[in-house]
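Asks: Next come a sequence and a model predicted from it.
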Amino acid sequence: MLEVSAIKKRYGTKTVVDTVSFTVGTSECLGVIGPNGAGKTTLFNMLDGTARMDGGRILLDGQDISDAPQHARARQGLGRAYQVPRTFVGLSVYENVLAGVTHGPGLRGAAAAARTMEILETVGLDAKAALIAGGLPLMDRKRLELAKAMSVGTKVILLDEIAGGLTEGEVHALIEIVARLKQDHTILWIEHIAHALMAVADRIMVLHFGEKLIEGPPAEVMDSAIVHEIYLGIAVDDTADT
Ligand SMILES: Nc1ncnc2c1ncn2[C@@H]1O[C@H](COP(=O)(O)OP(=O)(O)OP(=O)(O)O)[C@@H](O)[C@H]1O
């Protein structure tokens, strides 16, 4: 569904994403981790068209979207949920999602209304459809952020550290929603909360100074010497003695 080949981004003389490639299929979740400044957000910005690429190619469902503007990528089914929810605070929960299904997949009338309610049910907000978004507690704002990403992202959803700031119980509820979304979407998830990624991701990719260091099954990647080294500062040679 998403095929990324050798994408690159430079700011001035600094290469912040360096020749990164990966593919993610439907009903798959690729977790993305890496220390601060590793290039994770810049990667997402290139995927959704917020940042221009300096090289490489992105195929979405077989179509080359490398030069497509952000709104065109949204129309082709790519949505994104942000760490700090970007809700329209003065609109209702329902109107926030309706705006997405209208502008993304371009639904109208009864079809748009039905899709909006279906999405709200998926994230557990159907009973709160009429409430004003700005008054929701944090977990419900996260649910709404996911709903907005779904409203546009009919095929691919980018999740940008959505579990931040939640209680342990809320993180579990979020994991369940993401697992539901995964059934019929392609998901990329940047997340610092490791157990959330371990629960849903099929593979994890590690970025460091813009380069992809490793990609593989979650347990294998999290136990790898390279991850221990970059997160805990334990040199690979040292671990051999312990
Ligand atoms: N608009 C910009 N102009 C110049 N440099 C930038 C810009 N955006 C990001 N960078 C630099 O690119 C590098 C990668 O940043 P990025 O935000 O993608 O990292 P990250 O892995 O998402 O980090 P974090 O986990 O802290 O969000 C950093 O060195 C950052 O300072």
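Replies: Right, received. Where do you want to start? Residues are numbered from 1 along each chain as shown.

Asks: can we go C-alpha only for contacts and neighbour counts from here?
Replies: Will do.

Asks: Please name the residues that touch residue 39.
Replies: By C-alpha atoms under 8 Å, 6 or more residues apart in numbering, the residues touching residue 39 are 16-17, 207-210.

Asks: Counting neighbours, which of the residues you listed comes out on top?
Replies: Most neighbours among those, by other C-alpha atoms under 10 Å: residue 17, with 27 neighbours.

Asks: returning to what we had before: in terms of distance to the ligand, which of the contacts of residue 39 ranks first?
Replies: Checking the contacts of residue 39 against the ligand with C-alpha to the nearest ligand atom, the nearest one is residue 16 at 4.9 Å.

Asks: Hmm, the closest one is touching residue 36, no?
Replies: No: contact criterion C-alpha atoms under 8 Å: residue 16 and residue 36 do not qualify, at 11.8 Å.

Asks: export stretch 70-79 as CSV, just CAs?
Replies: In CSV, the C-alpha atoms belonging to stretch 70-79 read as follows (Å, rounded to 0.1, in the frame of the first residue of the first chain):
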residue,chain,number,x,y,z
GLN,A,70,-0.8,17.7,0.8
HIS,A,71,-4.5,18.0,-0.1
ALA,A,72,-4.0,15.6,-3.1
ARG,A,73,-2.5,13.0,-0.8
ALA,A,74,-5.4,13.4,1.6
ARG,A,75,-7.8,12.8,-1.3
GLN,A,76,-5.9,9.6,-2.1
GLY,A,77,-6.5,8.3,1.4
LEU,A,78,-3.6,9.4,3.6
GLY,A,79,-4.5,10.8,7.0
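
Asks: Which residues does it contact?
Replies: Residues from elsewhere that reach stretch 70-79, judged by C-alpha under 8 Å, 6+ apart: 48-50, 60, 65, 103-106, 148-158.
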